[in-house]
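Visitor: sequence first, predicted coordinates after that:
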Amino acid sequence: MKISIKDTEFKIKDIKNIYPSAIVSFWGEEKTPISLDWLEQNRDKVIVHSYAILILFKNSSQKIEIHFNEYEEMMDSLKLLFEKIKSLN
């Protein structure tokens with residue numbers, strides 16, 4: 001089964017890991033993705049620019065990043081993705 005999120009299409013069965021993240025900078029430094037757990041503990045130390053879902057694939061070094069302007073938009077897409085995965089079981 002394939003899924004499409006923000007014009008990015010991939011096969012669900014090929015997914016190895018899914019990482020929701022925030023794209024941040026440390027007061028003017030280069031932007032970098034960080035975990036949402038880390039963000040919750042250090043929000044006052046960084047500037048949040050956007051959010052992303054990082055998807056790693058089985059049997060491949062391929063990865064994709066799907067970027068979102070808003071946290072809620074990312075969470076809605078994650079919910080859709082997890083519902084599709086759950087429907088395969």
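Guide: On my side now, so go ahead. Numbering: from 1, shown residues only.
Visitor: could I get the full set of strands for this structure?
Guide: Using DSSP state E, the strands of the chain run over 2-5, 8-11, 15-25, 32-35, 47-57, 63-68.
Visitor: now those strands as CSV including mean neighbour count?
Guide: Every C-beta, even on glycine, is put in place using the N, C-alpha and C of the backbone. What follows is the strands of the chain, written out as CSV (neighbours: other C-beta atoms under 10 Å):
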stretch, mean neighbour count
strand 2-5, 14
strand 8-11, 13
strand 15-25, 16
strand 32-35, 14
strand 47-57, 17
strand 63-68, 16
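Visitor: centre of the chain to the longest helix along the chain, how far?
Guide: The longest helix of the chain (DSSP state H) is helix 71-88. Chain-centre distance of helix 71-88: 11 Å, with C-alpha atoms, centre = their mean, to the nearest Å.
Visitor: likewise for stretch 25-42?
Guide: What separates the centre of stretch 25-42 from the centre of its chain is 14 Å, taken as C-alpha atoms, centre = their mean.
Visitor: what's the answer for stretch 51-63, then?
Guide: Averaging C-alpha positions (C-alpha atoms, centre = their mean) puts stretch 51-63 9 Å from its chain's average.
Visitor: show the pLDDT at the most centrally placed residue in the chain.
Guide: A centroid search over the chain (C-alpha atoms, centre = their mean) returns residue 53, at 1.0 Å, as the residue closest to the centre. The pLDDT attached to residue 53 in the predicted structure is 95.
Visitor: show me where pLDDT drops low in this structure?
Guide: For the chain, the stretches with pLDDT under 70 are 89.
Visitor: let's see that with 90 instead.
Guide: Across the chain, the ranges flagged by pLDDT under 90 are 1-15, 26-30, 59-63, 83-89.
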